[in-house]
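Sequence plus predicted model, see below.
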Amino acid sequence: MPLNNRKQHFSFPWKAGLAALWCGLSMTACNRQVQAPPAPVPEVATATVARQRVELTTELPGRTSPYRIAEIRPQVNGLIQKRLFTEGSDVQANQVLYQIDPAPFQAALDNAKAALGRAEANLPALELKANRYKEALADKAVAQQDLDDATAALKQAGADVAYYQAMVETARINLGYTRVVSPISGRIGRSTVTDGAIATAYQPTALATIQQLDPIYVDVPQSTADLLGLQRRLEEKRMNREGTNANQVDLILEDGTKYPLEGTLEFRDVSVDPTTGSVILRMVFPNPNGVLLPGMFVRAVVKEGVNEQGILIPQQAVSRDPKGNPVALIVNASGKVEQRMLNLDRAVGDQWLVSAGLAPGDRVIAEGMQKVQPGASVKEVPFDDGRKQGAEPPVKTAQQPPASK
């Protein structure tokens, strides 16, 4: 056999063996791919829906204002001799604030007293004269005209006495006005005048201003839409005010801390501001330490009532569809994911108050929503929100309800 033919003869079996080996390895890899284990079932944390008693509150922004305010103005003209208070200090009712020069008013009082004494000195003689004329007229010793003149003079003298008594009282009042006193207790601001200034009675510029800060008012606006919604919830029996003190109000300061003392809702205004469409709620808060100052921005937490059949779910359990409507994913009885459309009332702390879309016993997915789709099978574990370990629940503050369908 030629040499070339032998080489071709021996090379053919070798190539065939390689091809067979390659096919075997390929088939093994294909079998392994087909026999790969199934993907694990995603795990989600669910919270079981249950009805519970929920205290409903509304958080409204507002500002503080003095409980009472007094602008100090002089009631007589004169020279201010002395300022008798420290600016920015607390003053008491009837405390003397300014001393106006009393000398002219003391002189006027003395003059009025002298005139009164002169009028009173003439009165007894005129009384005796009138009485004598009355007796003499019975004996026909004097004419009727003489008696009439004596009686008229007596009455005029009595009127003069009453007039000068009033003059004395007026002079005494004006002398008292030279001591400018505080009509209320409170904190006084800066003085607009100094010693030696001329004061004018009832001048337009106040000498100083006093504000009573304990207690203090908090005025907050409430929209008429919120007011109508509150009335509608009461009418529909979705909440009630029994068992709660609806007049008690909490306060949150500008830095987010809670004011330690509770206030009282005094009244709701009866007229609506046409520019804002809101009514004013006035509350009174004790302020013994002077923490609240006039004009301070605060947020008042007003108690509306109690929903005895409220449904609360964690806020992270709610998402939005492309149209912005709130939705939640639940696990149905078959262990599969189902989507529910929700109506949300408001946020209560870190939870949503649901008005429609869920029923007691529903298992809402609170964690792991990003791993599942509606219709998928899931494995459930209980959702832990930290309350079971004795953690304090968040402060229940109400916000504006979200737009929901």
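Everything's here; your move.

drop to CA atoms for contacts and neighbour counts, all remaining ones
Noted.

so where do the helices sit in this protein?
3-34, 103-138, 144-177, 224-235 (DSSP state H).

Which of those helices has the lowest mean pLDDT?
Lowest mean pLDDT within the helices of the chain: helix 3-34, a mean of 50.

Isn't residue 191 up against residue 205?
No - Residue 191 is not in contact with residue 205 according to Cα atoms under 8 Å; the separation is 10.8 Å.

who's more crowded, those two?
residue 191 (17 against 14; other Cα atoms under 10 Å).

From residue 182, how far out is that one?
According to Cα to Cα, to the nearest Å, residue 191 and residue 182 sit 13 Å apart.

where does the stretch 201-350 of the chain dip in pLDDT?
229-231, 233-246 (pLDDT under 70).

tell me the domain boundaries of this protein?
Here the domain parsing of the chain from automatic domain parsing is 72-208, 210-307.

Nearest to residue 43, out of those domains?
Nearest of those to residue 43, taken as Cα to Cα: domain 210-307 at 33.4 Å.

can you give me how far the closest one is from the chain middle?
Chain-centre distance of domain 210-307: 4 Å, with Cα atoms, centre = their mean, to the nearest Å.

give the contact list for the residue nearest the centre of the chain.
Centroid-nearest residue in the chain: residue 300, 3.1 Å away (criterion: Cα atoms, centre = their mean). Residue 300 makes contact with 58, 59, 60, 61, 62, 220, 249, 250, 251, 252, according to Cα atoms under 8 Å, 6 or more residues apart in numbering.

Give the other helices and strands that the biggest strand by length in the chain contacts.
Criterion DSSP state E: the longest strand present in the chain is strand 51-72. Under the contact definition 3 or more Cα pairs under 8 Å, 6 or more residues apart in numbering; DSSP states H and E, strand 51-72 sits against strand 208-223, strand 297-314.

And the shortest one, what does it pack against?
Which is strand 208-223. Under the contact definition 3+ Cα pairs under 8 Å, 6+ apart, strand 208-223 sits against strand 51-72, strand 186-188, strand 278-285.

OK, contacts around residue 369?
44, 317, 329.

Can you give me the pLDDT of it?
84.

With residue 35 instead?
pLDDT for residue 35: 57.

Wait, residue 55 touches residue 305, no?
Yes - assessed by Cα under 8 Å, residue 55 is found in contact with residue 305 at 6.1 Å.

how near is residue 126 to residue 144?
Separation of residue 126 from residue 144 (Cα to Cα): 16 Å.

of the two, who's got more company?
Legend: neighbour count by other Cα under 10 Å for residue 126 and residue 144, higher for residue 126 (20 against 14).

State whether the more buried one and residue 152 are indeed in contact, as I suppose.
No - Residue 126 lies out of contact with residue 152 (Cα under 8 Å); the separation is 9.6 Å.

From the structure, what's the count of residues near the residue nearest to residue 184 when sequence neighbours are not counted?
Take residue 184 and drop its neighbours on the chain: the residue closest to it by Cα to Cα, 6 or more residues apart in numbering is residue 93, 4.4 Å away. By other Cα under 10 Å, 11 other residues sit near residue 93.

Could you do residue 257 as well?
Using other Cα under 10 Å, the number of residues around residue 257 comes to 9.

can you start the count at 32 instead of 1 from here on
Shifting the count to begin at 32 puts that one at residue 288.

just to revisit the earlier point, if you count surrounding residues, which of residue 86 and residue 336 has more?
residue 336 (23 against 20).

any idea how far that one lies from residue 283?
Taking Cα to Cα, one finds residue 336 at 19 Å from residue 283.

cool, and residue 203?
With the distance defined as Cα to Cα, residue 203 ends up 51 Å from residue 283.

what does residue 123 give?
30 Å.

quick one, which of the two is more surrounded?
The residue with more neighbours, out of residue 123 and residue 283, is residue 283; 18 against 14, by other Cα under 10 Å.

Just list whatever residues bridge to that one.
Taking DSSP bridges as the rule, residue 283 bridges to residue 289, residue 330.

Using CSV, lay out the helices and strands packed on strand 82-103 together with distance to residue 306.
Below are those laid out as CSV (distance: least, Cα to Cα, whole Å):
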stretch, distance to residue 306
strand 239-254, 11
strand 328-345, 21
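
Fine by me, we can end here.
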